[in-house]
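Enquirer: with the sequence up front, the predicted model follows.
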Amino acid sequence: MPLPSFGQALAFWFRLGWISFGGPAGQIALMHAELVERRRWIGEQRFLHALNYCMLLPGPEAQQLATYIGWLLHRTRGGIAAGVLFVLPSLAILIGLSWIYMRFGQLPLVAGLFHGIKPAVTALVLQAAQRIGTRTLRNRWLAAIAAASFAAIFLLQVPFPAIVVGAALAGAWGGRILPQAFAPGATKADAAAGNRGGAAAIDDGAPPPPHAAFSPARFARVLGVGVLLWAGAMALLVLAQGRHGLLAQMAWFFSKAALVTFGGAYAVLPYVAQAAVEQQHWLSASQMIDGLALGETTPGPLIMVLAFVGFVGGWLQPVFGPGAALSSGIAAALVVTAFTFLPSFVFILAGAPLVEATHGRLGFTAPLTAVTAAVVGVVLNLALYFAAHVLWPLGPGGRFDAGAALIMVAASVALVRYRVGVAPLLAVCALAGLALGVAGVQ
């Protein structure tokens with residue numbers, strides 16, 4: 001089968017950006033069905049190989065997978081097009097929803113809907129901890145790392161980056177003395193169907209395209225361009241508003257966040273909660289839960305919830321003046337999105353050939369296996385953090401919200417026992433919250 005033209009690929013990536021609901025698992029399954037089974041652009045094992053790379057990197061794995069396959073098909077321009085088009089529709093929708101939330105969120109109707117959505121989101125985070133744990137904690141050593149990470153962040157308030165470094169060191173040490181315990185496990189797509197319908201455009205047995213071979217010069221060039229783009233954008237923000245300006249502070253913070261997002265959006269949210277909520281006060285814990293709910297209902301990577309954090313921070317602290325809340329929110333959302341995703345493009349465009357060369361080497365994968373185990377404890381802490389703010393909205397010692405507790409339990413049962421989809425779950429819980437509000441039950 002011949003390679004698709006660049007125009008055909010652009011049309012596909014544009015469409016994918018608008019229909020990629022279901023979080024990373026659903027997005028990966030959709031790409032597998034379209035690219036491997038239906039269109040036959042890439043072979044089954046090459047798809048799984050690319051997925052393995054992306055799961056070893058920080059950042060949104062589904063967006064990185066799209067970038068990788070776009071790069072494999074059409075070089076650098078293909079990777080950039082695929083990655084950007086995967087994000088843009090979600091960004092546009094989320095900015096619109098964020099404006100509605102900030103403009104009308106205090107109305108009784110909207111407040112009632114979010115009263116039901118918040119406990120549902122808490123149930124989703126609990127399910128995420130269970131799902132990641134089931135996949136990752138294959139032995140008592142990895143379970144011990146997860147428990148230690150939970151204790152570190154819950155009891156000692158250890159910063160998330162320090163937990164990542166500690167887990168990586170533990171994995172490097174464990175990979176030497178207990179190699180089987182830290183060997184990488186199966187990927188999410190291991191159970192996917194095999195190749196169908198003849199040879200793919202880039203088939204499993206075909207040699208890699210010439211541009212996929214690792215070159216130190218190309219690696220240095222792409223890395224240099226990425227660093228220059230980051231430094232240039234950061235310099236402009238500092239010149240415009242100073243080092244302590246809101247946009248510069250957001251750019252710096254979310255650049256760091258992008259480098260520690262092993263495990264996806266749920267893993268980085270505790271880090272954001274520590275800094276954006278507790279330290280910088282860009283938004284409240286309640287608003288952050290609402291933002292996660294909005295992120296769950298839009299296409300694209302769930303990590304786009306960070307754009308909501310930026311929008312709310314810009315709205316509440318308008319950088320363009322008191323009457324410019326909307327433009328300030330949009331500017332902050334764009335800055336957060338750019339600085340969150342730039343590292344992902346650099347990781348793929350510069351590092352994919354290098355990662356391929358190191359794939360399967362335990363010395364490389366064991367630290368990342370340990371980091372993924374630590375993420376389980378961090379996500380469990382996030383679930384408890386959300387639950388505390390949902391069930392006791394007025395703080396410790398305040399009134400217990402029995403209605404929210406009822407919705408959270410029902411949502412958890414629906415997710416685990418009946419495998420209800422995210423969109424219908426949030427819709428039903430929103431209506432339940434509105435009904436409880438009308439009935440005066442809290």
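Expert: Sure thing, it's come through. Residues are numbered from 1 along each chain as shown.

Enquirer: all contacts plus neighbour counts: C-alpha atoms, from now on.
Expert: Fine.

Enquirer: which stretches of the stretch 151-300 of the chain form strands?
Expert: With strands called from DSSP state E, counting those that start in this stretch, the stretch 151-300 of the chain shows none.

Enquirer: quick one: low-confidence parts of it?
Expert: 184-198, 204-207, 261-266 (pLDDT under 70).

Enquirer: which stretches of it form helices?
Expert: 160-177, 216-241, 246-258, 265-272, 285-296 (DSSP state H, counting those that start in this stretch).

Enquirer: residue 106 is nearest to which of these?
Expert: helix 285-296 (11.7 Å; C-alpha to C-alpha).

Enquirer: check the offset of that closest one from the chain's centre.
Expert: 14 Å (C-alpha atoms, centre = their mean, to the nearest Å).

Enquirer: then the helix or strand harbouring residue 46 to PDB, C-alphas only?
Expert: Using DSSP states H and E, the element containing residue 46 is helix 44-55. The C-alpha trace of helix 44-55 is given here as PDB (Å, rounded to 0.1, in the frame of the first residue of the first chain):
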ATOM      1  CA  GLU A  44       0.600  -3.500  14.000                       C
ATOM      2  CA  GLN A  45       4.000  -4.000  15.600                       C
ATOM      3  CA  ARG A  46       5.200  -0.600  14.500                       C
ATOM      4  CA  PHE A  47       2.200   1.000  16.100                       C
ATOM      5  CA  LEU A  48       2.800  -0.900  19.400                       C
ATOM      6  CA  HIS A  49       6.500   0.000  19.200                       C
ATOM      7  CA  ALA A  50       5.700   3.700  18.800                       C
ATOM      8  CA  LEU A  51       3.200   3.500  21.700                       C
ATOM      9  CA  ASN A  52       5.900   1.900  23.900                       C
ATOM     10  CA  TYR A  53       8.200   4.900  23.200                       C
ATOM     11  CA  CYS A  54       5.500   7.400  24.100                       C
ATOM     12  CA  MET A  55       4.600   5.600  27.300                       C
END
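
Enquirer: helices and strands around that helix, which ones?
Expert: Applying 3 or more C-alpha pairs under 8 Å, 6 or more residues apart in numbering; DSSP states H and E, we find helix 44-55 packed against helix 61-104, helix 325-358.

Enquirer: give me the buried positions along that helix.
Expert: For helix 44-55, the buried set under the neighbour-count rule, 16 or more other C-alpha atoms under 10 Å, comprises 44-48, 50-55.

Enquirer: ok, the residues you listed vs residue 409, which is closest?
Expert: Among these, and counting by C-alpha to C-alpha, the member closest to residue 409 is residue 55, at 31.0 Å.

Enquirer: check the gap between the closest one and residue 46 for me.
Expert: Per C-alpha to C-alpha, to the nearest Å, residue 55 is found 14 Å from residue 46.

Enquirer: same question, residue 382
Expert: 35 Å.

Enquirer: what does residue 301 give?
Expert: Relative to residue 46, and taking C-alpha to C-alpha, residue 301 is found at 22 Å.

Enquirer: what of residue 428?
Expert: 40 Å.

Enquirer: quick check: the gap between residue 40 and residue 10.
Expert: Taken as C-alpha to C-alpha, the span from residue 40 to residue 10 is 16 Å.

Enquirer: and these two? Which one has more around it.
Expert: Neighbour tally, residue 40 and residue 10, criterion other C-alpha atoms under 10 Å: the higher count belongs to residue 40, 25 against 17.

Enquirer: tell me which residues touch the more buried one, please.
Expert: Going by C-alpha atoms under 8 Å, 6 or more residues apart in numbering, residue 40 touches 1, 34, 197, 199-201.

Enquirer: sec struct for it, please.
Expert: coil (DSSP: H, G, I helix; E, B strand; the rest coil).

Enquirer: for it, give me the backbone phi and psi.
Expert: Main-chain dihedrals, residue 40, degrees, to the nearest 10: phi 60, psi 40.

Enquirer: how far away is the closest residue to residue 88 other than its chain neighbours from residue 84?
Expert: Counting by C-alpha to C-alpha, 6 or more residues apart in numbering, the nearest residue to residue 88 once its immediate chain neighbours are dropped is residue 17, at 7.2 Å. For residue 17, the distance to residue 84 equals 9 Å [C-alpha to C-alpha].
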